[in-house]
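Output the structure for:
(one chain, ligands or ions: 1)
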Amino acid sequence: MTLNAALTCDDGQGSQLISAAWKLIAARYIVERHQIGAAVLDRDGGVHVGLHLDAMVGRAAVCAEAVALGVARMATNAPLVMVAAVRHPKPSETAPARLVPPCGLCRELLLDHAPDMTVVVPGPRGGSVMPLAHLLPHKYVGSKWASSHVRS
Ligand SMILES: [Zn+2]
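Numbers count the residues shown, from 1 in each chain. I've put the predicted structure just below:
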């Protein structure tokens, strides 16, 4: 399967992340097990990928963005600046692979760890980059991490 027009971006770094996420899910796709690949960019240029982990019990599944976030945090303390995710089509689908925005849980999680992160979102002519916070206005902000939870 090759990269299609929906998997392009008007931003060079966004394109880099799409390519990394697509490369991962294209290599690791398994029906009902791994359907989405994600990539996170750190401020120093590091790209960290993660694979969606489906589960027999749906709520036990872990999103690719969450796995990529953990992989990134194992590798570096550098601020995380961008995320992108690509969904592999099921064999029964005729539509090609496509960009997917993070789910609500991932929006919360990513913003907790990277409040200034941007995200590649699908658009009519490929992806474009926007602040992740725009996808989750009025985000919950608790007090348990005080002000020192984000290191830069
Ligand atoms: Zn998610």
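
and for the longest helix along the chain, what are the contacting residues?
Among all segments of the chain classified by DSSP state H, the helix with the greatest residue count is helix 12-28. Counting by C-beta atoms under 8 Å, 6 or more residues apart in numbering, the neighbours of helix 12-28 from elsewhere in the structure are 1, 3, 7-9, 34-41, 47, 49-52, 64, 81-88, 97, 99, 120, 127-129. Yep, even glycine has a C-beta here, placed from its N, CA and C like the rest.

Please apply the same query to stretch 50-66.
Judged by C-beta under 8 Å, 6+ apart, the contacts made with stretch 50-66 from elsewhere in the structure are 21, 24-25, 28, 32-40, 67-71, 83, 85, 102-103, 105-106, 109-110.

how about a cut-off of 10 Å?
For stretch 50-66, contacts defined as C-beta atoms under 10 Å, 6 or more residues apart in numbering pick out 21, 24-25, 27-40, 49, 67-72, 83-88, 100-103, 105-107, 109-110, 119.

Where does pLDDT dip in this protein?
1-3, 147-152 (pLDDT under 70).

Show me which residues of it are close to the ion?
By the rule C-beta under 5 Å from the ion, the part of the chain lying against the ion is 63, 103, 106.

May I have the secondary structure class of the last one?
So the one you mean is Cys106. Using DSSP: H, G, I helix; E, B strand; the rest coil, the secondary structure recorded for Cys106 is helix.

how close does Val81 get to Leu7?
20 Å (C-beta to C-beta, to the nearest Å).

which ones are touching the residue lying closest to Ile25 once chain neighbours are set aside?
Closest residue to Ile25 in three dimensions, ignoring its sequence neighbours and counting by C-beta to C-beta, 6 or more residues apart in numbering: Gly37, at 3.2 Å. In this structure, Gly37 makes contact with 18, 20-29, 49-52, 64-65, 67-68, 84-88, 97, judged by C-beta under 10 Å, 6+ apart.

repeat that for 8 Å
20-26, 28, 49-52, 64, 85-86, 88.

Let's see if you can find the most crowded of the residues of the chain next to the ion.
With neighbours defined as other C-beta atoms under 10 Å, the most crowded of the residues of the chain next to the ion is Cys106; it has 24 neighbours.
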